[in-house]
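Undergrad: structure for the following, please:
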Amino acid sequence: MFLLDLLDNLPCLRLSEHHMEMFLWGMSECGAQEVPSLYALQQTQEWLRKECGGVPTSRWESSMGNILYLNDISKIIANDYMNPQVDTLLHFYPEEMDGPVSESWPTKRIKEMPPDQLTPMHRKGLKDFYVNKLAELESGEYVIPHMWIVHKKRMCADAHRVYVAADGLVVDQGLVTIDAEDLLLNYLDLVDEGRVIFAPGSQSYANAMPNPLRAIADGDELYFRFLWADDVGGNITKLINAHKNIYLAHANVPGCLLQQEYFVRFVATTPHGTMAEQFEAVLAMVQKTLSDPPHTYNAHSHQFCKFQLAVPRLPADNPQQSEEASHIGPSGNCKCQHCTVGGPAATRESDDGYHALHETEQQLWMAAEGKPAPVSAMQTATGVKDCVAQIWIGRVSSQAKKLKKENPSWTLTQVQGTVKAWLDAHPGNPWSTLLSFPGLDPHKDTPVEILHTILLGLIKYVWHNLHTSWTDSQHELFIAHLQGTNIDGLSVPPIWAEYMSQYRNSLISKHFKALMQTMLWYHVIPDMAEYLANLRVLIGNVLDAFDGVNPARITNNAKLHILVHLPEDVEWFGLPIRYATEVFECFNHIFCMCSVLSNHHAPGRDIARKCPSLEQMKHIMSGGFWPSNTNKWTQVSRHVRSVLHSHPIVQTHLGWVSPSKTFPGHIKLQPFKNAHAQPDPAPPSDSTWIPGLTVVAESEDTCHLGSWVCAQQNQHQGDTHFILNLFALHNAHLVCQVLPRHLTAPQPLHVDCRMYHDKVAAALRVSQALKRS
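TA: Have a look, this model is predicted:
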């Protein structure tokens, strides 16, 4: 029964009921005993979902009246706590580090979140220490932790010092860093001893004690996770059945693992509603965890805990991010949801406007006049267009027209007042919930997404301009050079140069990634300040290069201007590859197959009910826990748990990659039968060598025989001049670390960029005027 359930719930290998019926028939014909019927299998699966940690699916009616089906986010995140494959990987606190940055926890977005949206407590022994609560150090000093933070791999806290004065405790407004190991007594201990008496000037701190979370959580831990949504086709025919999906990724998991389909979770889909309606339901579930933290089991510590949820960012493709930010989109005059640059053509083509490209409520009351045309003009001029407000604008305009027709003597003020009262009587806000959700700014927290902006945008434009002018002989030369590229050390699949040339107008992201490996695909940033300086220069060079080819492109194409905001997003959110949406695009295949295999009567409900079965199979196979009928936490037998680790084919179809067991310096030896082969050149006779096949470098790359490597040594004799290709694809960031900064720092194409932009803008105004005449 287990193997049948596994085959029916492999995310990357979806089977229909007809497939399963044939499997069962084939097993019976082969003489297998006690083969269940398809109905019996489905009944067992339904029982497993209820009893073994399944994710419930709930019905939700939006403020627009649409019916949606969503999977419980709290249960999805709770299962990560109960999953021994995931629990030990979770990171709960912001981090301070002086060295390389590879994750999101050291970034400004996490460290500058309000303390009440971060993990509020730290447990030392049997004592819980909360933020904004008085504590005593082993030295006898008093402190009030402001925010828990990991500093140089040690748990610390930014805290206020508290001094004892004649009239009570006085709080110093400054912050100091304390080591969590130095904590001795928590707030409750000090209350019991009668030592919590604050001076009149520090009463604001006293009023915040005790922490209200202590009453509802024992070991409360806060999760950060991000949501992503996109439009996908739900059919395998050319008739596109558009769906709007919300997927979930657990942002406490290391970023390198989030690129595995195993860590992508389906939340909801709708073929008829809007994304804002789905976010309304999702954010309601998130908001509920703040007042009622879900209770779960920690697979690592075997203790109970609770958690809260937060939304630090909303990665998506460009049109989706515009919708989330209530932005009109790239077709408007103001094409950017991050800033206010743009405007009519005359503004964009002016000197200041052209250089800047390198660098809702009011609409509702206008609609109450019963004239939709001024609303559209305002949206075009300001770039503000909310998908929820757009529906209400139509309803408000119709209501105003109806009132004018029924009451021709009414003034405009009377009509607008009546319409406003009618609108206020409806529940919910007449605009997107994202605009008012605490701790989330959809304009700032929609980071530049490199898949659609860079690979399917910038690189696609460059590739098209490059190959369209080639002759047949140049295409053949390109194929020969590309196919001869040494991909040793690159994380790309084999390059099919002839295929890429033949279908050059239909390439996808993996092809563009092979053609262009840049600093945006770094998996670690050695020096953030240096990286940002390089990135700004390179982005400026790219935009200036486009100006030289087609000056009008940057005024009409939002993707080029959006690049300007990339350095800010890197500083705010971290490495661009950590919030790339490519893995979600891959997961769309799983979603599409769930849609194809549904009954198509209620696809939103059917898909929402099937995806928890896929999620539950991953949980069971990973050794996840669930509560039994005897109130004990249990998991499947070790034989079932061993299937995931011992069968690579199962790992592949679950979308899980086994953790690497290699480390720098690890050597793989030759098989014993080949060990007698002598290396060339032969080693000295007084030395002993054991032939090997590979060695893992400090960069964690696997080096084979014949691999080119960069090695450092104290002294070098011989040549003093070398030629090194800094535009090579292989570990460019490591090469830059070896060489002096002045040899690797990118140089701007133009010394005076503003003068160049003014010159290009002047020429653009002339050419555009001729086109319009």
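
Undergrad: show me where pLDDT drops low in the stretch 501-650 of the chain?
TA: By pLDDT under 70, the low-scoring segments of the stretch 501-650 of the chain are 517-518.

Undergrad: please, where are all the helices along it?
TA: Applying DSSP state H, counting those that start in this stretch to the stretch 501-650 of the chain gives helices spanning 509-515, 528-549, 553-556, 558-562, 566-573, 582-596, 603-621, 638-646, 648-654.

Undergrad: looking at the ones you listed, which is nearest to N71?
TA: Nearest of the helices of the stretch 501-650 of the chain to N71, taken as Cβ to Cβ: helix 603-621 at 5.7 Å. In this view, the C-beta of every residue, glycine as well, is placed from N, C-alpha and C.

Undergrad: alpha carbons only: can I get the closest one in PDB?
TA: The C-alpha trace of helix 603-621 is given here as PDB (Å, rounded to 0.1, in the frame of the first residue of the first chain):
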ATOM      1  CA  PRO A 603     -10.300  23.200 -10.500                       C
ATOM      2  CA  GLY A 604      -9.400  25.600  -7.700                       C
ATOM      3  CA  ARG A 605     -10.800  23.100  -5.100                       C
ATOM      4  CA  ASP A 606      -9.500  19.900  -6.800                       C
ATOM      5  CA  ILE A 607      -5.900  21.200  -7.100                       C
ATOM      6  CA  ALA A 608      -6.000  22.600  -3.600                       C
ATOM      7  CA  ARG A 609      -7.000  19.200  -2.300                       C
ATOM      8  CA  LYS A 610      -4.500  17.200  -4.300                       C
ATOM      9  CA  CYS A 611      -1.400  19.300  -3.500                       C
ATOM     10  CA  PRO A 612      -1.600  18.500   0.300                       C
ATOM     11  CA  SER A 613      -1.400  14.800  -0.600                       C
ATOM     12  CA  LEU A 614       1.800  15.500  -2.400                       C
ATOM     13  CA  GLU A 615       3.000  17.600   0.600                       C
ATOM     14  CA  GLN A 616       2.000  14.800   3.000                       C
ATOM     15  CA  MET A 617       4.000  12.200   1.100                       C
ATOM     16  CA  LYS A 618       7.100  14.400   1.400                       C
ATOM     17  CA  HIS A 619       6.500  14.700   5.100                       C
ATOM     18  CA  ILE A 620       6.100  11.000   5.700                       C
ATOM     19  CA  MET A 621       9.000  10.000   3.500                       C
END
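
Undergrad: the inter-axis angle of it versus helix 638-646?
TA: Helix 603-621 runs at 100 degrees relative to helix 638-646, counting by axes from the mean of the first three to the mean of the last three Cα atoms, to 10 degrees.

Undergrad: from the chain's centroid, how far away is helix 603-621?
TA: 21 Å (Cα atoms, centre = their mean, to the nearest Å).

Undergrad: between helix 582-596 and it, find me the angle.
TA: Interaxial angle of helix 603-621 relative to helix 582-596 (the same axes, to 10 degrees): 120 degrees.

Undergrad: where in the chain is the helix or strand with the lowest mean pLDDT?
TA: Within the chain, no helix or strand scores below helix 361-367, which has a mean of 51 by mean pLDDT, DSSP states H and E.

Undergrad: show me where the stretch 351-500 of the chain has its helices.
TA: 351-358, 361-367, 372-382, 387-406, 412-424, 450, 459-467, 472-483, 497-502.

Undergrad: so which elements touch the shortest one?
TA: Spelled out, that is helix 450. Packed against helix 450 by the contact rule (3 or more Cβ pairs under 8 Å, 6 or more residues apart in numbering; DSSP states H and E) you find no helix or strand.

Undergrad: pLDDT of that helix, averaged?
TA: Mean pLDDT, helix 450: 88.

Undergrad: run the chain-centre distance for it.
TA: Relative to the centre of its chain, helix 450 is centred 12 Å away, using Cα atoms, centre = their mean.

Undergrad: chain neighbours aside, what residue packs nearest to the most centrally placed residue in the chain?
TA: Residue closest to the average C-alpha location in the chain (Cα atoms, centre = their mean): Y579, at 3.5 Å. In space, and not counting its chain neighbours, Y579 is closest to P315: 4.3 Å by Cβ to Cβ, 6 or more residues apart in numbering.
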